[in-house]
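Participant: Below is the sequence, then the predicted model.
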Amino acid sequence: MARAPERFDVAVIGAGITGLAAAWDLAGDGASSVTVLEAGAEVGGKLLVSEVAGVPVDAGAESMLAVRPEALRLASEVGLKPSIVHPAVRGAYVLSGGHLRQLPTGLVSGVPTDLRALAASRIMSLRGLLRIPLDQLMARPALTDDVSVGEFLSKRVGREVVDRLAEPLLAGVYAGNPDQLSLRMANPSLFRQLARDDSLLKAANAVKAGSAIATGARRGPVFAGIRGGVGRLAGKTEAALAGKGVLVRTGDKVTGMRRLRSGWQVQTRSGSREYDAVVLAVPAAEAARLLRISAPFAAARLLGIEYASVAVVTLAYPAARLPELHGTGFLVPPVEGYQVKGVTYVTNKWEWVARAAKTTSGKGTVIVRASYGRSGDTAVLDRDDAELASLARQELAAIAGLPPITVDERVTRWDAALPQYHVGHVDLVTRARDSLVDAPGVALAGAAYDGVGIASCIASGRQAARKVVRDLQENVMEDHG
């Protein structure tokens, strides 16, 4: 029986949080029959929870931006609102000159807005501090074209700001090289403000003021988590999708797709099926593979997006043997000579983890996460799991005085996990999407295009869902004259 033209069949390829969010949006419009196709054995992508010393701990992303609505909204919609929690406010530290020093408030992508607080932190040298105000004596930035974070900050406020502040702050998010990282992607608000203000410091203060309004009492904390792990969001969304009649097929890799006169044929290991539209919520290289025949120009541009690999080493220590751990963790710039990028004291940061860790042992357990892997520097990731865990124990002992003995360990590798936003990335993505103009009913979604982080990925998925529905509705209107 022929279906009504207003009823659409849509395939979502990829069941990370981006694809799940796209499917959720499509299922909500009431006019789409949705199938999610996932090559892996389970949904969630980089959202994953597994136990360490009997405690459930996130192995991938462990927090969500709370100042954006998308992540908290989806969590609430799928039934997780009672489990939303916020991290402890204890401050973070950075290693400088071999000492852990508390990061000052008011940093905007590493740009200081409170020079007194920065001076008091003793993170930078006197020479580096005196270099910063010279920004206000230079010609106005008047940025119109993209530029790298490292190049621009070095010119305006000195290289030490890049090495001691910007690099460690941004490395944990992007695993990228600041001298290649696009300022327009890393901080679009700052990039826009620089087109209007006389100096970088003035622009950073304006962005900070805007952020302060957004994170005021009405909006609450900047970050949020989920009791039991952020990774629960994927499983709960999958269950909620099933309740809306969405079919989620795991372990069914998409091997190809091609344009038909009306719609798309999607080939998987289990067979082929025709769909009216497709959301590609997969890494850029995979999207390029699937588009290489039907949209070769878009595919060629997507192949220009590089990725970095990272690893997370999660260590469980006996609480009785630990020194006092200050704050929620620390960052480590490469200039300090260590391989580790950043460390999170999980049991300090999340109260629910601390409770769970305390009940697993009469003496209690402390959970710590260490992050490794930078773009262009993959040697550390060539170590096997035992070697990487050993390195983490050694570096945490040297930096923070943690004992060399743990009660449990977990190494999680995320290969080709983080897209690298090189200078010009925004234009590259725009050209890739524009190249799909002759391939209606296809949309690109994910961190490669619209920003890293759970909230950004959810927003990207929902934007892609709206795009394909719009394409389909326009086609229906054209067919009916």
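Facilitator: Arrived safely, thanks for sending.

Participant: going forward, measure contacts and count neighbours with C-alpha atoms only.
Facilitator: Noted.

Participant: So for stretch 76-87, what gets flagged as buried?
Facilitator: 78, 80, 83-87 (16 or more other Cα atoms under 10 Å).

Participant: now, which of those residues sits nearest Ala389?
Facilitator: For those, the closest approach to Ala389 (Cα to Cα) belongs to Pro87, at 25.7 Å.

Participant: who's in contact with that closest one?
Facilitator: Counting by Cα atoms under 8 Å, 6 or more residues apart in numbering, Pro87 touches 223-225, 349-351.

Participant: Three-state assignment for it, please.
Facilitator: coil (DSSP: H, G, I helix; E, B strand; the rest coil).

Participant: For the protein, give me the ranges with low pLDDT.
Facilitator: 1-6, 31, 212-220, 361-363, 476-481 (pLDDT under 70).

Participant: what comes up buried for the lengthiest helix in it?
Facilitator: Longest helix of the chain, by residue count under DSSP state H: helix 454-479. Burial within helix 454-479, assessed by neighbour count using 16+ other Cα under 10 Å, is assigned to 454-469, 471-473, 475.

Participant: Let me see the ranges of the strands in the stretch 351-481 of the chain.
Facilitator: Counting by DSSP state E, counting those that start in this stretch, the stretch 351-481 of the chain has strands at residues 365-372, 408-419, 442-444.

Participant: Just tell me which of the ones you listed ends up closest to Gly271.
Facilitator: Using Cα to Cα, the nearest of the strands of the stretch 351-481 of the chain to Gly271 is strand 442-444, at 20.3 Å.

Participant: Would you list the strands that the closest one pairs with, along with their directions?
Facilitator: strand 277-280 (parallel) (DSSP bridges).

Participant: what's in contact with the strand it pairs with?
Facilitator: Residues contacting strand 277-280 (Cα under 8 Å, 6+ apart): 8-14, 19, 22, 263-264, 287, 440-445, 464-465, 468, 472.

Participant: Could you measure from Glu311 over to Ile305?
Facilitator: That one is not Glu; residue 311 is Ala. Distance check for Ala311 against Ile305: by Cα to Cα, to the nearest Å, it reads 20 Å.

Participant: now do Asp385
Facilitator: Distance from Asp385 to Ile305, by Cα to Cα: 28 Å.

Participant: Comparing Ala311 and Ile305, which shows the higher neighbour count?
Facilitator: Comparing Ala311 with Ile305 by neighbour count (other Cα atoms under 10 Å), the higher total belongs to Ala311, at 22 against 19.

Participant: how far does the host helix or strand of that one sit from the chain's center?
Facilitator: Assigned by DSSP states H and E, Ala311 belongs to strand 307-318. Relative to its chain's centre, strand 307-318 lies at 16 Å (Cα atoms, centre = their mean, to the nearest Å).

Participant: Tell me the helix or strand right after it.
Facilitator: strand 329-331.

Participant: for that following strand, packing partners?
Facilitator: Other helices and strands packing on strand 329-331, by 3 or more Cα pairs under 8 Å, 6 or more residues apart in numbering; DSSP states H and E, are strand 93-96, strand 342-345.

Participant: can you redo the ones you listed as a markdown table with distance to Ser33?
Facilitator: Shown next, in a markdown table, are the helices and strands packed on strand 329-331 (distance: least, Cα to Cα, whole Å):
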| stretch | distance to Ser33 |
| --- | --- |
| strand 93-96 | 49 |
| strand 342-345 | 42 |
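
Participant: Is it possible to get CSV of these that adds mean neighbour count?
Facilitator: Converted to CSV, the helices and strands packed on strand 329-331 look like this (neighbours: other Cα atoms under 10 Å):
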stretch, mean neighbour count
strand 93-96, 23
strand 342-345, 22
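
Participant: mind listing the helices for the stretch 251-400 of the chain?
Facilitator: Ranges of helices within the stretch 251-400 of the chain are 284-291, 296-302, 346-349, 351-359, 385-400, based on DSSP state H, counting those that start in this stretch.

Participant: ugh, wrong one, the stretch 1-150 of the chain
Facilitator: Under DSSP H, counting those that start in this stretch, the stretch 1-150 of the chain gives helices at 17-28, 70-77, 115-121, 126-131, 149-157.

Participant: Burial check on Ala41, number of neighbours?
Facilitator: When neighbours are counted by other Cα under 10 Å, Ala41 registers 9.

Participant: which residues sit in contact with it?
Facilitator: By Cα under 8 Å, 6+ apart, Ala41 lies in contact with 250-251.

Participant: Then Ser148?
Facilitator: 178-183, 422-423.

Participant: do Val353 as well
Facilitator: Counting by Cα under 8 Å, 6+ apart, Val353 has contacts 55-57, 228, 346-347.

Participant: Whichever of those residues end up buried, select them in PyMOL.
Facilitator: Buried residues among the contacts of Val353 (16+ other Cα under 10 Å), as a PyMOL selection:
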select buried, resi 55+56+57+228+346+347
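
Participant: ok, so of the contacts of Val353, who is nearest Val111?
Facilitator: Out of the contacts of Val353, the member with the shortest distance to Val111 (by Cα to Cα) is Val346, at 26.7 Å.

Participant: rewinding a little: need the winner for burial among the helices of the stretch 251-400 of the chain.
Facilitator: By mean neighbour count, with neighbours taken as mean count of other Cα atoms under 10 Å, helix 346-349 ranks first of the helices of the stretch 251-400 of the chain at a mean of 22.

Participant: other SSEs contacting that helix?
Facilitator: Short answer (3+ Cα pairs under 8 Å, 6+ apart): helix 346-349 packs on helix 351-359, strand 365-372.
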